[in-house]
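K.L.:
Sequence unavailable; structure follows:
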């Protein structure tokens, strides 16, 4: 069992930046791929970014490419999502998710992940 805790959300003006963190409870987190998802009110949860167990592979939804960067520090059992040039349409609850995987091919569907955090709110004002 892996417990995930997100932090770093908040209120920011359009064009600003935030860095989200996803901290895991277990050292075996370094054998897990991690994804970030977001869910806006009235909408389905959508994929944002993912990173392989060793950080060698990353993948982003088109709408955040060039603005968001996913990274990880396995020594700290933590994955980050650096969000720059934020837009009002980025407003959502952001969730991190994990699945044990040694593959470099990353999963983009919510069904592909076994463990989820409680989410952190990101609000971007115009």
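P.N.:
Thanks, I have the structure now. As the structure is a computational prediction, the values presented were derived from the model and not from experiment.

K.L.:
mind listing what's buried in stretch 43-54?
P.N.:
Neighbour counts over stretch 43-54 (16 or more other CB atoms under 10 Å) mark 45, 47-53 as buried. (C-beta placed from N, C-alpha, C; glycine too.)

K.L.:
most centrally placed residue in this protein?
P.N.:
residue 36 (2.4 Å; CA atoms, centre = their mean).

K.L.:
count of residues packed around residue 8?
P.N.:
Number of residues near residue 8 (other CB atoms under 10 Å) recorded here: 16.

K.L.:
Spit out the contact partners of it.
P.N.:
18-21, 120 (CB atoms under 8 Å, 6 or more residues apart in numbering).

K.L.:
Not counting its neighbours along the chain, what's nearest it?
P.N.:
residue 20 (4.2 Å; CB to CB, 6 or more residues apart in numbering).

K.L.:
same deal with residue 30?
P.N.:
The shortest distance from residue 30 to any non-neighbouring residue, by CB to CB, 6+ apart, is to residue 74 (3.8 Å).

K.L.:
Pretty sure that neighbour sits against residue 32.
P.N.:
No: the pair residue 74 / residue 32 is not scored as a contact, 9.6 Å apart, by CB atoms under 8 Å.

K.L.:
Next up, phi/psi of residue 27, please.
P.N.:
phi -70, psi -30 (degrees, to the nearest 10).

K.L.:
start the count at 12, not 1, going forward
P.N.:
Fine by me, first position is 12 from now on; the one you just mentioned is residue 38.

K.L.:
neighbours of the closest residue in space to it that isn't next to it in sequence, just the number please.
P.N.:
Spatial nearest neighbour of residue 38, excluding adjacent residues (CB to CB, 6+ apart): residue 88 at 6.5 Å. When neighbours are counted by other CB under 10 Å, residue 88 registers 19.

K.L.:
who's in contact with residue 88?
P.N.:
Counted by CB under 8 Å, 6+ apart, residue 88 has contacts 34-38, 40-41.

K.L.:
Mind putting the residues you listed into CSV with neighbour count and pLDDT?
P.N.:
Shown next, in CSV, are the contacts of residue 88 (neighbours: other CB atoms under 10 Å; pLDDT from 0 to 100):
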residue, neighbour count, pLDDT
34, 16, 96
35, 24, 95
36, 13, 89
37, 15, 79
38, 10, 74
40, 24, 84
41, 15, 88
